[in-house]
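J.: A structural model of the following input is requested.
(one chain, ligands or ions: 1)
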Amino acid sequence: METLDKNTYYITTPIYYPSDKLHIGHAYTTTAADALARFNRLRGKKVFFLTGSDEHGQKIQRIADEKGLSPKAYVDQIVATFQSLWNRLNISYDDFIRTTNKDHETLVQRIFAILYEKGDIYKSSYKGLYCTPCEAFWLERQTTDGKCPDCGRPVEEVEEESYSFRLSNYSDKLLEYYKTHPGFIQPEASLHEMESFIKSGLEDLCVSRTAVSWGIPVPFDKKHSIYVWFDAVINYLSALGFLTAQDNRYQSFWPADLHLVGKEIMRFHTIIWPAILMALDIPLPKTVFGHGWLVIEGEKMSKSKGNVVDPNLLIDEFGADAIRYFLLRDITFGSDGNFSRDALIRRINADLANDLGNLLHRTSSMYEKYFPKEIPELAEELGEEKDLADFAAQIILEFETAMDALEPHIALEKLWTLIRRTNKYLDTTAPWTLAKNKDYSRLARVLYSVGEVLRIVSIPLSAVIPTSAAKIRAQLGLPKDCFWQEAKIWNGWEEDKRIIKAEPLFPRIEDEKETKDDKQNEVPKEEEIEFADFLKVHLKIATVLTAERVKGSDKLLRLEVDLGNEKRQIVAGIGKAYEPDSLIGKQLAVVTNLKPRKIMGFESQAMILAAEDAGNLAVLNPEKLVKAGSIVG
Ligand code: ME8
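T.: Modelled structure (predicted):
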């Protein structure tokens, strides 16, 4: 049954096992779901974003036993860590469901009883294999060397009286449903995998255990507890008040728009769960998306390898927004991805500190410098602004399309082309020259246009890096809350507003490990040489941190530059060719081992390389961004 678009959006994450603290893999799914939830709220949709914890089953029972705690006491402790992580990561869930909630337990029992009455569940016995970490039943033929085909860990033999669900009856119906509902299973590769799983033969599913006491009792046969996966998938309905007097959430939000899960649990979400829904005769979720598996520096995460990444530590070090951005930008959604510290630092430095942070910082500095009091009337727009406006409009459309296609990595890639283009716009319109020529109304137009792009960009960013987007908006004098339509307007920022200067949005990260390596490779004391010894010159790339004129000289600029593992002051005679502001954030080739020289009272600790063409100076900078301190040679 199809439903009309009700302008609602129901998105879920898996409910995670509180068998241990969560790691970066869980944070990945939940961050993606959060960005989609926030994006749909921006578009005026009524969103219900659900996450939670899957608390029953053999795995939890065993761990609690090992710890000498009751399962409930154990999961209570761990679930508190889930909620604290989600708060730190700015996860805007609307409800957190725990499968030990009374309402959930009641619904699971009711559904079990309904399916028993209908004949979809029947009493039998089970003899086969079981993987406790995955809480999954397997047949002999599905395992290799007694190992679980999903996680590769050993399976156990199980022989119990049990209740079974007639899953085998649903093979054809499921295959037919997949065919008539393209997009139900995404990505495409997952669809093919599910089809061949069904075609290899579906057996009825064991849905109760007698050997496991930590579970919801079968209502009419209390020595059985309900199989944890049957219990777990029903969370998507119990959170909506399904089959209760307060089912208005169910009425508004079912069927779910998107169940977002990791690829390893697609089988439960696209075969077992839909078959249960078909047996209940209620509509199926619109899409189940199985994203890829995160590995750490190329290796599978595991406790025994000791490479489990704790998102809390990453948040402590880099902040929630940087982690959120990295996960959504760096990993192709739907494919497996690699989490590496180096890649994270590269993204923070290049995309967040350099492209976005610098655009905001440069422009706010220029507002402060050129218009400390009043902002003059803005000059008419020229072609450059019209082009920028068209480009921004195009990017906003592309961002929307990519998010709807569940491609956040592409959405962000597009958005950054706008940010980079705006940096270029600043370079080519050269506000410093406009200031020099006292063309203040044109200058005001240029700065305003950058502010306008930042206003637009802050709207999609509020879905991805909400804290930073709110900071950008505060600097622009805008409220934290925003709406998607506002991203489609040009010149929506008020003309008398300015960008207020603030702390850098994302400070550059100097990676300690790299710095240490660099130090080891460094000659302890640089050899000081005369100019004649030019061939011994040490050349490096420096990033300009600050630039100002030396008082009393129209030629000299005093720069502070970053050389990777140190900062230096440079006094350079490039003041006629460059306005100081135009150099901030730029990378320059410098000589680092000339004897320091005092120039007009300032020590110059390096020399900028510049080409001179009949008095016209041009500094040398690398053709693409490199790490500050990179050796030129
Ligand atoms: O399976 N890379 O819970 P779970 C990417 N309780 N995502 C990962 C990941 C990794 N390395 N590791 C975990 C369960 N995840 C059941 C779900 S739903 C009704 C019941 C994410 O704690 C990914 O979303 O084992 C995966 O599907 C989920 O965590 C598994 O979490």
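
J.: now Lys303: closest residue in space that isn't a chain neighbour?
T.: Asp20 (8.0 Å; CB to CB, 6 or more residues apart in numbering). For glycine as for every other residue, the C-beta is placed from the backbone atoms N, C-alpha and C.

J.: ok, now which ones touch the one you found?
T.: Asp20 sits next to Ile63, Ile78, Lys303 when contact means CB atoms under 8 Å, 6 or more residues apart in numbering.

J.: tabulate the residues you listed (CSV), appending neighbour count.
T.: CSV is the format used below for the contacts of Asp20 (neighbours: other CB atoms under 10 Å):
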residue, neighbour count
Ile63, 18
Ile78, 20
Lys303, 9
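
J.: for these, which one is nearest the ligand?
T.: Checking the contacts of Asp20 against the ligand by CB to the nearest ligand atom gives Ile78 as the nearest, at 10.5 Å.

J.: residues contacting Arg98?
T.: Per CB under 8 Å, 6+ apart, neighbours of Arg98: Gly52, Ser53, Glu55, Val75, Val79, His104.

J.: that one bridge partners, please.
T.: Ser53 (DSSP bridges).

J.: what does stretch 419-428 rub up against?
T.: Residues contacting stretch 419-428 (CB under 8 Å, 6+ apart): 355-356, 358-359, 362-363, 384, 388, 391, 446, 449-450, 453-454, 457, 582.

J.: ok, for Trp293, nearest residue in space, not its chain neighbours?
T.: Per CB to CB, 6+ apart, closest to Trp293 is Asp336, 4.8 Å.

J.: give me the low-pLDDT residue ranges for this protein?
T.: 1-5, 512-535, 614-615 (pLDDT under 70).

J.: walk me through the domains of it.
T.: Domain assignment for the chain, taken from automatic domain parsing, gives 340-488, 531-619.

J.: circling back to that earlier point, the residue nearest to Trp293 and Val295 touch, don't they?
T.: Yes. When contacts are counted by CB atoms under 8 Å, Asp336 is listed as touching Val295 (6.7 Å).

J.: between the two, which has more neighbouring residues?
T.: More crowded of Asp336 and Val295, by other CB atoms under 10 Å: Val295, with 16 against 12.

J.: tell me the bridge partners for that one.
T.: Residues in a beta bridge with Val295, per DSSP bridges, are Asn338.

J.: enumerate the residues of this protein near the ligand.
T.: Contact residues (CB under 6 Å from any ligand atom) of the chain with the ligand: 14-17, 25-26, 28-29, 54, 232-233, 235, 261-262, 264-265, 293-294, 301.

J.: now, these that are in strands?
T.: Counted as lying in strands by DSSP state E, out of the residues of the chain next to the ligand, are Pro14, Ile15, Tyr16, Val261, Gly262, Leu294.

J.: so what touches stretch 289-305?
T.: 20, 23-25, 28-29, 32, 185-187, 190, 258-266, 269, 307-309, 331-341, 406.

J.: mark which of the residues you listed are part of helices, please.
T.: Counting by DSSP state H, the contacts of stretch 289-305 place Ile24, Gly25, Tyr28, Thr29, Ala32, Ser190, Met266, Arg341 in helices.

J.: can you pick the most crowded of those?
T.: When neighbours are counted by other CB under 10 Å, Tyr28 leads these with 25 neighbours.
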